[in-house]
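In: Next input, structure requested:
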Amino acid sequence: MKSAFWIRTALAGALTFSVTESTVYAHDELGGSVEKGENLAGSELVVPLLEGSKNVGNLQEVAAVPLKELKEGVKNSTADVYAHKGFAYLGTHSANGGAGGVRVFDMKDPSNPVEVSSFGSVEGTWQEKVIVKTVDTPDFKGDLAVVSVQQLDRFNPDTKGGFLLYDVTNPKEPKKLGFWESPSPARGTHELYLTVQDNNIYVLTADCYADYYSHGENMDVSFVDVTNPANPETIYEFDPRDYIPEVSDENYDGYNWTDEEGIKRTAFAHSVKTDGNGTTAYLSYWDLGTIILDISDAKNPVYLGRTDFASTVQGSAHSMDLAKGGNVLVETREVFGPVRDGFETSYGYTMLYDIKDKTAPKLLSTFKTDFTGKVPGGSTVHDPKVHGNTLYLSHYSGGVRVVDITDASNPVETGSYIPSKSNIWGVFVDRNYVLASDMGSGLKVLQKKGSSNDANANTAIQTP
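Out: Numbering: from 1, shown residues only. Predicted coordinates for the structure are as follows:
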């Protein structure tokens, strides 16, 4: 039975939601801010700004490719970007009715990406996140893609949220394998991750607000066994009340949380990821920080620890990546509202933690980008991608920022890429190019000057 705390806060949350339901599709949805970057002015540069020190100065924009129209006159906006075996996979967002599916680009010639197929388009939903991996199980062998599915209107009985599974062994001819329907009354799966653990294949989902909207009947994070992609099976749901001493029914209702210092905060699962061998999971849980779980036994995870924030810092743990062989955690915090009573005045920025001891993450450094004179209105950080000792950050109107983290306690920005009217959602490093998804204009490709377009090239762009 839920405590009096839930009863007191549910009405306030419902009232907030009723105001924003028709226009806000992302985070923090209940708090009324917009995640997608549509409230940022964007750079009005006539030509892309690309500058940096060391090798970053040798980068150039070699391609800027819009998405094809699946329906005549309907332009979809891009979401996240992923790459696998020489193909780029772009998710799509909610603009103009969503249903944009995943777009697949052949990257054989990075200066001329060719959109060769699309898959996963579902009316009344959008397909933001896509992960692709090569798997080998008794039920499926090949390249498996998992695609998040979110409803535009969670009250529409004709739509369902969750995730889709596709065979993309031949990326030009994707084949649907299965669908997992989220059991919660929320919109469906926002972000997700596909991980391989020995002979088992799992999808971890972040279904934002599932806990809150279901009054605790469903959880924000599910682990789904997709070893047989045609028959996804939920094997576990994560409830922070069961693991974290600072969280209980007395101070948490699935969204509203009062921390141990009496500060009112927000806590919900936004993103999920694992390490390379699939045995440690990282849950980006907004003001609860990044929650770290040992999932060696995926049906019985063990709580290890979490990141925490000073009383004056807005939490908003949005996404993460690992560096230094998994010993450093890079945590990006999405804050669009830089002014909030009782907190520092700042857009979202990046935090780096020493997690050699995962039970006690230790803050090493923070990284903020100075947008003065370059980006109107400033910008929050969005997603991180680490390649070697280089950190790539997508920053909406702030473009892509390149950061040297050789010394994780002293990150140094070494380059930036800001296209005209920039609205960069995601970034991904593959082979000898950097991919960026621009919500307004599609796929952007950066490459070293004079670099070979050989599809077998495997030297990624880095700053030494």
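In: Can you mark which positions in stretch 285-295 are buried?
Out: For stretch 285-295, the neighbour count (16 or more other C-beta atoms under 10 Å) marks 285, 286, 287, 288, 289, 290, 291, 292, 293, 295 as buried. The way it works is simple: take the backbone N, C-alpha and C, and place the C-beta from them, glycine included.
In: Residue 427 bridge partners, please.
Out: Beta-bridge pairing of residue 427 under DSSP bridges involves residue 436.
In: Same question for residue 87.
Out: In beta-bridge terms (that is, DSSP bridges), residue 87 pairs with residue 84, residue 106.
In: okay, stretch 419-434 in PDB with CA atoms only?
Out: In PDB, the C-alpha atoms belonging to stretch 419-434 read as follows (Å, rounded to 0.1, in the frame of the first residue of the first chain):
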ATOM      1  CA  PRO A 419      26.500  23.300 -38.000                       C
ATOM      2  CA  SER A 420      24.100  26.000 -39.200                       C
ATOM      3  CA  LYS A 421      20.900  26.000 -37.100                       C
ATOM      4  CA  SER A 422      22.500  23.200 -35.000                       C
ATOM      5  CA  ASN A 423      20.300  20.900 -33.000                       C
ATOM      6  CA  ILE A 424      22.500  17.900 -32.400                       C
ATOM      7  CA  TRP A 425      20.800  15.000 -30.600                       C
ATOM      8  CA  GLY A 426      23.400  12.300 -30.700                       C
ATOM      9  CA  VAL A 427      27.000  11.500 -31.700                       C
ATOM     10  CA  PHE A 428      28.700   8.300 -32.600                       C
ATOM     11  CA  VAL A 429      32.300   7.500 -33.600                       C
ATOM     12  CA  ASP A 430      32.800   4.700 -36.100                       C
ATOM     13  CA  ARG A 431      35.700   3.700 -38.300                       C
ATOM     14  CA  ASN A 432      37.300   6.800 -39.700                       C
ATOM     15  CA  TYR A 433      34.400   9.200 -39.200                       C
ATOM     16  CA  VAL A 434      32.200  10.800 -36.600                       C
END
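In: I'd like the distance from that stretch to the chain centre, please.
Out: Here stretch 419-434 is found 14 Å from its chain centre; the criterion is C-alpha atoms, centre = their mean, to the nearest Å.
In: Grab the nearest non-local neighbour of residue 200.
Out: The shortest distance from residue 200 to any non-neighbouring residue, by C-beta to C-beta, 6 or more residues apart in numbering, is to residue 227 (5.3 Å).
In: which stretches of this structure aren't confidently modelled?
Out: 1-28, 31-47, 54-55, 372-378, 450-464 (pLDDT under 70).
In: hey, where'd the strands end up in the stretch 351-464 of the chain?
Out: For the stretch 351-464 of the chain, applying DSSP state E, counting those that start in this stretch gives strands covering 362-367, 384-387, 390-394, 400-404, 412-418, 424-430, 433-438, 442-448.
In: export those to JSON lines and tack on mean neighbour count and distance to residue 348?
Out: Putting those into JSON lines (neighbours: other C-beta atoms under 10 Å; distance: least, C-beta to C-beta, whole Å) gives the following:
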{"stretch": "strand 362-367", "mean neighbour count": "16", "distance to residue 348": "11"}
{"stretch": "strand 384-387", "mean neighbour count": "20", "distance to residue 348": "12"}
{"stretch": "strand 390-394", "mean neighbour count": "27", "distance to residue 348": "11"}
{"stretch": "strand 400-404", "mean neighbour count": "24", "distance to residue 348": "13"}
{"stretch": "strand 412-418", "mean neighbour count": "21", "distance to residue 348": "16"}
{"stretch": "strand 424-430", "mean neighbour count": "24", "distance to residue 348": "14"}
{"stretch": "strand 433-438", "mean neighbour count": "27", "distance to residue 348": "18"}
{"stretch": "strand 442-448", "mean neighbour count": "23", "distance to residue 348": "22"}
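In: which strand in the chain runs the most residues?
Out: Identified as the longest strand of the chain according to DSSP state E is strand 141-151.
In: centre of the chain versus the following helix or strand past it, how much separation?
Out: Where DSSP states H and E defines the elements, the next helix or strand beyond strand 141-151 is strand 162-167. Between the centre of strand 162-167 and the centre of its chain there are 17 Å (C-alpha atoms, centre = their mean).
In: Same list (the strands of the stretch 351-464 of the chain) but as a markdown table, adding distance to residue 205.
Out: What follows is the strands of the stretch 351-464 of the chain, written out as a markdown table (distance: least, C-beta to C-beta, whole Å):
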| stretch | distance to residue 205 |
| --- | --- |
| strand 362-367 | 28 |
| strand 384-387 | 20 |
| strand 390-394 | 22 |
| strand 400-404 | 27 |
| strand 412-418 | 31 |
| strand 424-430 | 18 |
| strand 433-438 | 21 |
| strand 442-448 | 26 |
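In: OK, contacts around the nearest residue to residue 351 once chain neighbours are set aside?
Out: Using C-beta to C-beta, 6+ apart and skipping residues adjacent in sequence, the residue nearest residue 351 is residue 331, 4.7 Å away. Neighbouring residues of residue 331 by C-beta atoms under 8 Å, 6 or more residues apart in numbering: 284, 289, 290, 307, 317, 319, 320, 350, 351, 352, 353, 384.
In: Which element, helix or strand, includes residue 331?
Out: According to DSSP H and E, residue 331 maps onto strand 328-333.
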